[in-house]
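> Test case, fold it:
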Amino acid sequence: MALSSEDLEQSFLTSPSEKHPSLTLKDYFGALQKFILSHDGAILLSALRKQNLQHIDLADISEVIINSEKHGAYYHIASIALTGLEKKVRFAITTALSEPAKTSLEKEFFIMQQLSDLSPDFLPETYCVEAVTLSTDSGSEEFVMMLGEWLDGYHEWHLNDNPESAKRQIQLWDYEQGYRFLSNTESHEILRQAAYILTYYYDQASFCEVYPWHHGAGDFVVKAESGALSVKLITARKYEPLVHFDRVAETDRLVAAIHFLLNLSLRVRLDRLDGVAGPAWINDFAVHAAVDGFFAGLQATSATNRLVLGSLTDFLDVIQSFDAHEILDMYESLLHIYEAEDHDDFRLIQAKLPEHADQLHTVLQDYSLAKS
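From the prediction side, this is the model:
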C-alpha cells in the first residue's frame, strides 16, 4: 500500500506499541533509502551478484519498492523489491535503533556468517551490515541495518485457539494463501526441523549453541509447498555455551549435550498465544519432535566430522539410564536461566516441568536410533 504524505508524518514505532519521540515513518524510509544507495549502490550490486545476476548495472533497475513489514520489540523489518531485472528480486533489511539492538545486530551478522560456514541450508543469506546516520529536524539519528535474503513463501506460525476443534493448535500465518491451522503431523515436522537445525549448529566440542531463541519471537519460519514443509532459522542473537565448565573433558561433553537436549525439549514447547499474548505450551508431540530432531541432527554432524560425542548408541544408553525424577533434578541447573529471561515463561515452566520430565523420560525410553 502506497503511503500518503500524512502517513509518512506518523511516528516511527520503536516497538509494536511504543512511538519514537521524534522520528517519523518518513525518517525511517529515508534511512532505508540511504542504506540501499550507500557506496554508490555497491552494497546492492554485490547482493544482486550473489543472486547470480552478474551482468547488471543500477541503471537496469526500473523501480525500488520499500515496504515496512514488521516493527518488533528489538528489530524492524522492511523488504525491498526491485523491478526491471530478468527475475523477481526481493531483499530484507533488518534495522536496529536502540544501542543494545545495534550492538546485537552487528554481532548477529557475524554469527549468521559463522553458522552459514557450517551449512547455509537453514538460514537466509546475509550480505552486509552498515551504520546509517540520518539528519532530521530534531538532530542526527544512527541506525544499524543488515541486508539479507528475503525468504519468499516462508511465514511465521504460532499457537492459537481453533474455534472449530476447540483445541489449541499451531496456526500458519500464510499471508498469501490465508491463515490455516496445521495438523499434529505438520506441527511435529516443523518442530522436528527446528530441533534438527539447532542441534546441527550445536558445537559438541566448545558447547556453543544458538541461544536464546523463542517461537514467540518468530525465530523460525516455515514454507509449505507441494505437501512438504521447509523450516529456516532467521535470527541468531548469540552463539556461546549455555552451560559452562571449568574444563573440557569427555564427561563434560556428555553432560553438556544432555543439558542441550533438556533445554531443547522444553523450550521447543514454548510459544506466545497468537504471537503476542501470554505464554503458551505446545502439546506432547513437541517432545517427540525435539528428540527426533536432536538425534537426526547429531547424526548429520558425523558427515562433516563434527560428531565428537562418540557412539550415539552409548549416548542414548546413558540418557535412557535416567529415571523421570533424575531428569527433573537435572533441570535444576537451567531454572535460574529461565527465571532471568522471562518471568511469565518461568511461571509456566515451573507449573509444567514435572509433567514434562515424565513425558521426556517416556519418549526417550521408547526411542530407537533407527528413527533418525
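
> For Met103, grab the count of nearby residues.
For residue 103 the amino acid is Thr, not Met. Neighbour count for Thr103, taken as other CB atoms under 10 Å: 12. To be clear about C-beta, it is placed using only N, CA and C from the backbone, and glycine gets the same treatment.

> er, Arg168 actually
By other CB under 10 Å, the burial measure for Arg168, its neighbour count, is 17.

> ranges for the strands of the stretch 151-300 of the chain?
Using DSSP state E, counting those that start in this stretch, the strands found in the stretch 151-300 of the chain span residues 157-162, 167-172, 180-181, 208-210, 220-225, 228-233, 239-241, 270-272, 279-281.

> Report all helices and strands that the second one contacts.
What that stands for is strand 167-172. For strand 167-172, the elements it packs on are strand 157-162, strand 180-181, helix 184-201, judged by 3 or more CB pairs under 8 Å, 6 or more residues apart in numbering; DSSP states H and E.

> Using CSV, lay out the strands of the stretch 151-300 of the chain together with mean pLDDT and distance to Pro21.
CSV is the format used below for these (pLDDT from 0 to 100; distance: least, CB to CB, whole Å):
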stretch, mean pLDDT, distance to Pro21
strand 157-162, 97, 31
strand 167-172, 96, 35
strand 180-181, 96, 40
strand 208-210, 97, 34
strand 220-225, 94, 32
strand 228-233, 97, 34
strand 239-241, 95, 34
strand 270-272, 97, 27
strand 279-281, 97, 31
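
> would you turn those into a markdown table with distance to Arg49?
Output for those, formatted as a markdown table (distance: least, CB to CB, whole Å):
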| stretch | distance to Arg49 |
| --- | --- |
| strand 157-162 | 33 |
| strand 167-172 | 33 |
| strand 180-181 | 37 |
| strand 208-210 | 28 |
| strand 220-225 | 25 |
| strand 228-233 | 22 |
| strand 239-241 | 28 |
| strand 270-272 | 38 |
| strand 279-281 | 43 |
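
> which one of those lies closest to Arg306?
strand 208-210 (11.7 Å; CB to CB).

> can you count the residues close to Phe285?
Phe285, neighbours per other CB under 10 Å, totals 16.

> now the stretch 201-350 of the chain, which segments are flagged as low pLDDT?
The stretch 201-350 of the chain contains residues with pLDDT under 70 at 246-250.

> All the helices of it, residue numbers only.
Assigned by DSSP state H, counting those that start in this stretch, the stretch 201-350 of the chain shows helices spanning 250-267, 285-301, 312-320, 324-330, 332-341, 343-366.
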